[in-house]
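*Asks:* Next input, structure requested:
(4 chains)
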2 protein chains.
Amino acid sequence: MPKTISVQALQRLPTYLNYLKSLPLDKDAKISARALGNALGYGEIQVRKDLSAVSDGGKPKVGYCTAELIRDIEIFLGYDDVNDAVLVGAGKLGKALMSYEGFKTYGLNIVAAFDSDLAKCGTDESGKQVFPIDKMENLCKRLKVRIGIITVPASSAQQVCDILVEGGVEAIWNFAPTHLSVPEEVVLKNENMAASLAILSKHLSEKDWNCP
Amino acid sequence: MPKTISVQALQRLPTYLNYLKSLPLDKDAKISARALGNALGYGEIQVRKDLSAVSDGGKPKVGYCTAELIRDIEIFLGYDDVNDAVLVGAGKLGKALMSYEGFKTYGLNIVAAFDSDLAKCGTDESGKQVFPIDKMENLCKRLKVRIGIITVPASSAQQVCDILVEGGVEAIWNFAPTHLSVPEEVVLKNENMAASLAILSKHLSEKDWNCP
DNA sequence: ACAATATCGATATATCATTATCTATTGCAT
DNA sequence: ATGCAATAGATAATGATATATCGATATTGT
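*Replies:* The predicted structure is shown next:
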């Protein structure tokens, strides 16, 4: 029976991983759930629970073996095998993502980008190829790309999304500030900046209410 | 007593708003919770619950008045009054955010940016000024900036964060893939792309398990 | 006018996530 | 050895969120 993990816990794993990797590399280093939690602002019980889903345990009085933990999380998250992705929309945000080196460490490899504006096509400064959008479906199929990243304006996002799905993409990462409908079997993750802003903005206005 | 709203619901509000605004503008248009839910992939009960926190209600057999709903959500989210923000880190992502026009509609106004690299200082292509980072604390205080956006590499994020806090910033929007510690009274929102990727990546690898 | 229907709102239930409590294990100092 | 402190792990309790049920109300068609 596969271990279960909550969505929230799953989203915390990269944070653990990131912190663990920032530690001085020592093959036999150990870390306790409490230390890890303190560093990241989580409770120690939560840390243990999160880690129980990915690792086969730490030792009392010692803690977890840092190196093992790193490996276990990476395997669990699938960072060990690379997922190919395409990006649609070579605007400012698209370019920023294209040239972000960090994705490699997350097992994400952007193999190509597309844009409807022919002026943006060619080789990007990141070294990646930008193709006209009508090549997209075919190229996705040929390369068996599994992930599509959408960084086009909201107005064309659904259209782009449909093409990606047609091209056999299995997961879509949407940066356009709009809702997309996808078939059930396709995973959709919205990077909803407006939602984040809503939180900040609400907190600020609540401060104004409470503090006279 | 002020109406309460869950964090999750709060994060859905911008999505409602965005969809409502995409509808043909008609002063007397009405929309039912079910229609709204179907369009966005939410359950109708959830929609009603979410909206109950912001609006003073729809009418049976009719639904909600679209125009009123838009206004109510905007007021609730504070989009009517503008919050000034500064951005730190004029790299690719920073520039992308600086030139994103959409923030205006969310009541966010980036008044200035900072970077430690003097070569990046001056006037950005977005028309915004980029200042050396040692001017930051002072400028935040003078302009009473409430929001700080961090788009620097993980290694310098905490340092930048501390300066922002010193400068009196009340909310921090962190795009660096690292954990930040802030005083209790400062709101921190992490835009954790790694966390989103974790979800996609996990779903993909789970597909591989289940489908032989 | 009255029934039928669509819809809202409130309450209750179920699901999911976090935190607290308790027990068991390990290493260390005596 | 033996007892103490630190720590993991399991279970239970709390809290947050989503879903279901039910009654109330407005519109529409007879």
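*Asks:* give the contact list for residue A:84.
*Replies:* Residues in contact with residue A:84 (CB atoms under 8 Å, 6 or more residues apart in numbering or on different chains) are A:109, A:111, A:143, A:144, A:145, A:146, A:147. For glycine as for every other residue, the C-beta is placed from the backbone atoms N, C-alpha and C.
*Asks:* from these, which ones fall inside strands?
*Replies:* Among these, the subset assigned to strands under DSSP state E consists of A:109, A:111, A:147.
*Asks:* Grab the longest helix from chain A for me.
*Replies:* Determined from DSSP state H, the single longest helix within chain A is helix A:193-210.
*Asks:* Output the below-cut-off pLDDT ranges for chain A.
*Replies:* Along chain A, segments meeting pLDDT under 70 span A:1-3, A:207-212.
*Asks:* hey, where'd the helices end up in chain A?
*Replies:* A:7-22, A:33-40, A:44-52, A:66-77, A:92-98, A:136-143, A:154-166, A:193-210.
*Asks:* Remind me what the longest one packs against, helices and strands.
*Replies:* In this structure, helix A:193-210 packs against helix B:7-22, helix B:66-77, strand B:171-174, strand B:187-190, with contacts taken as 3 or more CB pairs under 8 Å, 6 or more residues apart in numbering or on different chains; DSSP states H and E.
*Asks:* Kindly compare burial across these and name the winner.
*Replies:* Each of the helices and strands packed on helix A:193-210 was scored by mean neighbour count; the highest is strand B:171-174, a mean of 24, by mean count of other CB atoms under 10 Å in any protein chain shown.
*Asks:* Any residue of that one touching chain A?
*Replies:* Yes. Contact of strand B:171-174 with chain A (CB under 8 Å from any CB of the partner chain) involves B:171, B:173.
*Asks:* ok, and what's touching that strand?
*Replies:* With CB under 8 Å, 6+ apart, strand B:171-174 has contacts from A:196-197, A:200, A:203-204, B:85, B:146-150, B:157, B:161, B:164-165, B:180, B:182, B:186-191.
*Asks:* could you redo the last one with a cut-off of 10 Å?
*Replies:* Contacts to strand B:171-174, defined as CB atoms under 10 Å, 6 or more residues apart in numbering or on different chains, come from residues A:193, A:196-197, A:199-201, A:203-204, A:207, B:83, B:85, B:87-88, B:97, B:108, B:145-152, B:154, B:157-158, B:160-161, B:164-165, B:180, B:182, B:186-192.
*Asks:* Filter these down to the buried ones, ChimeraX style.
*Replies:* Applying 16 or more other CB atoms under 10 Å in any protein chain shown to these, the buried members can be selected in ChimeraX as follows:
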select /A:193,196,197,199,200,201,203,204 /B:83,85,87,88,97,108,145,146,147,148,149,150,151,152,154,157,158,160,161,164,165,180,182,186,187,188,189,190,191,192
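*Asks:* Turn the helices of chain A into JSON lines, columns for distance to DNA strand C.
*Replies:* As requested, those are exported to JSON lines (distance: least, CB to the nearest atom of the strand, whole Å):
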{"stretch": "helix A:7-22", "distance to DNA strand C": "3"}
{"stretch": "helix A:33-40", "distance to DNA strand C": "9"}
{"stretch": "helix A:44-52", "distance to DNA strand C": "4"}
{"stretch": "helix A:66-77", "distance to DNA strand C": "14"}
{"stretch": "helix A:92-98", "distance to DNA strand C": "27"}
{"stretch": "helix A:136-143", "distance to DNA strand C": "31"}
{"stretch": "helix A:154-166", "distance to DNA strand C": "24"}
{"stretch": "helix A:193-210", "distance to DNA strand C": "15"}
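*Asks:* Which one, of those helices, ends up nearest to residue B:126?
*Replies:* helix A:92-98 (8.7 Å; CB to CB).
*Asks:* how far out from the middle of the chain is that closest one?
*Replies:* 15 Å (CA atoms, centre = their mean, to the nearest Å).
*Asks:* which helices and strands does that helix pack with?
*Replies:* Under the contact criterion of 3 or more CB pairs under 10 Å, 6 or more residues apart in numbering or on different chains; DSSP states H and E, helix A:92-98 touches strand A:83-88, strand A:108-115, strand A:129-132, strand A:147-150, helix B:92-98.
*Asks:* any chance of the ones you listed in TSV, plus distance to residue B:37?
*Replies:* Below are these laid out as TSV (distance: least, CB to CB, whole Å):
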stretch	distance to residue B:37
strand A:83-88	28
strand A:108-115	32
strand A:129-132	37
strand A:147-150	23
helix B:92-98	31
